[in-house]
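> Need coordinates for the below:
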Amino acid sequence: MKSPKSKARYMNTDRIKGSVKQVKGSVKEVTGKATGDAKLETEGKADKIAGKVQNAVGGARDAIRGK
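Residues are numbered from 1 along each chain as shown. Have a look, this model is predicted:
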């Protein structure tokens, strides 16, 4: 049986990058709302969506590989 740490090592990098992009988007969105910057808020929403898509792609790749 593999330890949880070894499983994380093999996680698709798209999932990790997608999660980071989602967090980055959330920060941008909140900052945009707080400062009244509509462009920054919109960029944040776009980053969050792109991160979700990238995370889903990574999850699909992991599922195909059987992880």
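> remind me which residues of this structure are low pLDDT?
Within the chain, the ranges that satisfy pLDDT under 70 run 1-10, 67.
> in the longest helix anywhere in it, what counts as buried?
Ranked by residue count under DSSP state H, the longest helix found in the chain is helix 38-65. By neighbour count with 16 or more other Cβ atoms under 10 Å, helix 38-65 contains the buried residues 40-41, 43-44, 47-48, 50-51, 54-55, 58-59. Where C-beta positions appear, they are placed from N, C-alpha and C, glycine not excepted.
> List the contacts of the residue lying closest to Gln22 once chain neighbours are set aside.
Among residues not flanking Gln22 along the chain, Gly51 sits closest, at 3.5 Å (Cβ to Cβ, 6 or more residues apart in numbering). Listed by Cβ atoms under 8 Å, 6 or more residues apart in numbering, the contact partners of Gly51 are 17-25.
> Pick out the most distant pair among those.
Lys17 and Gly25 (12.4 Å; Cβ to Cβ).
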